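> heads up, no residue letters with this:
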């Protein structure tokens, strides 16, 4: 079974991408087959993995998967990064964010989970990590539901407490609505 985890915190600047890329790299260096999904529309994990050109690629993209237009095509998006495989972010996630949010809110909160199930059946990854955007919303909800495990980077400031409370509330809501159990597996103090 593939171990899935997302890296998220609703507050920006907490080191989500840094943690995601470094955990992916560390696991790959230890011989694990790792896939990092850059779900952040800013695309910094894509760039950090040496795939900046993929950010402006033409469809199909991660965005088309999330809209349900190509739910079986996730494996086609995998690119080889510096040390591990990556499903890159794409500018479509920014340009069409409202469309994505509306479609996700009506029927797609578990679309990424279903796509990952298909990907796992066709590949041999040991670990799938998802770098989330700053903020709570459809993209983060998809990651939380797809992994049901979360690594939470947080600044060591009192202002970070509110962000952690909001994330906890969001996870509680998702657990109740979707009847799942989302487990925090690590809190990384930055």
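Done, it's in. Please read these numbers as outputs of a predicted model, since none were measured by experiment.
> For stretch 6-19, give me every contacting residue.
20, 23, 39-40, 44-45, 48, 129-132, 134-136, 140, 143-144, 146-147, 149-155, 159-160, 163-164, 166-167, 170, 188, 190 (C-beta atoms under 8 Å, 6 or more residues apart in numbering). Where C-beta positions appear, they are placed from N, C-alpha and C, glycine not excepted.
> at 6 Å instead, please
20, 44-45, 130-132, 134-136, 140, 143, 147, 150-155, 163, 166-167, 188, 190 (C-beta atoms under 6 Å, 6 or more residues apart in numbering).
> how far is it from where the chain is centred?
Stretch 6-19 sits 10 Å away from the centroid of its parent chain (C-alpha atoms, centre = their mean, to the nearest Å).
> Kindly check the end-to-end length of that stretch for me.
Using C-alpha to C-alpha, to the nearest Å, the end-to-end distance of stretch 6-19 comes to 11 Å.
> oh, and call the first residue 27 from now on, that's how I've got it
Let's use 27 as the start, then, which means that last one is stretch 32-45.
> buried sites along it?
Within stretch 32-45, the residues scored as buried using 16 or more other C-beta atoms under 10 Å are 32-37, 40-45.
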